[in-house]
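In: let me see the structure of the following:
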Amino acid sequence: MNFKMSIAENLQHIKASIPEHVQLVAVSKTKPVEDLQLAYDAGQRHFGENKIQEMAEKFEALPQDIYWHMIGHVQRNKVKYMAQFVHLIHGVDSFKLLQEINKQAKKHNRVIKCLLQIHIAQETTKFGLSEVEALEIMMSNDLKSLENIKIVGVMGMATFTENKAQIEQEFTALKLTFNRLKQVDNSMTEISMGMSGDFPIAISCGSTIVRVGSSIFGHRNYNN
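Out: Coordinates of the predicted model:
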């Protein structure tokens, strides 16, 4: 079967398998606009990209009622390209980045929602804050001056492994970190964890947002 023809079926299957309170973000990085349009026509409205310029190009080409999620590592000098439209930035890993997002959001008279990325995996290559660093940010007096950003939760990526017990342990650790941060700011609501290979485990551990790509669109094509 042509995978493009089954995008709608894949979405239907995944949505049927997750609770209503969990937001499905279709990870569309490297995928052509045509594939995103097929998902949109099937009812999908939340899309995730990991490169700001690619996301900005797709924003221009696709319907304006899409909610765009920036799920990759964010370079501060590129925040300006998405500040006008981004719905949620998942990968905030420093206070300096929050300052830049606030600065660019202010130019567009917006409040941009952000998630603090917490390092939960064993791989050192993954980005993220420690729980202590995240707590320092949440308790900082300087954070109160950033009126154009809103930290609404946390994001984390588990170790790339077949060991389900390890993945569950890492997701549970992220949920515990969320609980501690929520004691500082009770308005936090979101835990972004879980991808195509592990989102059922993530949901069982308390995820409210899952980021699913290959199970919807097929494997990524890095030659695009």
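In: mind listing the strands in the protein by residue range?
Out: 23-27, 46-49, 67-70, 88-92, 112-117, 149-155, 190-192, 209-212 (DSSP state E).
In: list of residues touching the shortest one?
Out: When contacts are taken as Cβ atoms under 8 Å, 6 or more residues apart in numbering, the neighbours of strand 190-192 outside the stretch itself are 25, 71, 88, 90, 115, 152-156, 174-175, 178, 206-211. Every C-beta, even on glycine, is put in place using the N, C-alpha and C of the backbone.
In: residues near I71, how many?
Out: 27 (other Cβ atoms under 10 Å).
In: gap between it and V25?
Out: Noted for I71: a distance of 7 Å to V25, by Cβ to Cβ, to the nearest Å.
In: now the common contact residues for those two.
Out: Contacts common to I71 and V25, judged by Cβ under 8 Å, 6+ apart, are 48, 192, 211.
In: nearest to E60 among these?
Out: G48 (17.3 Å; Cβ to Cβ).
In: that closest one and S214, how far apart?
Out: 13 Å.
In: cool, and N186?
Out: Where S214 is concerned, N186 sits at a distance of 36 Å (Cβ to Cβ).
In: tell me how many other residues surround G197.
Out: G197: 16 neighbours (other Cβ under 10 Å).
In: err, R45, not the other one
Out: 15.
In: ok, M155 next?
Out: Per other Cβ under 10 Å, the neighbour tally for M155 reads 28.
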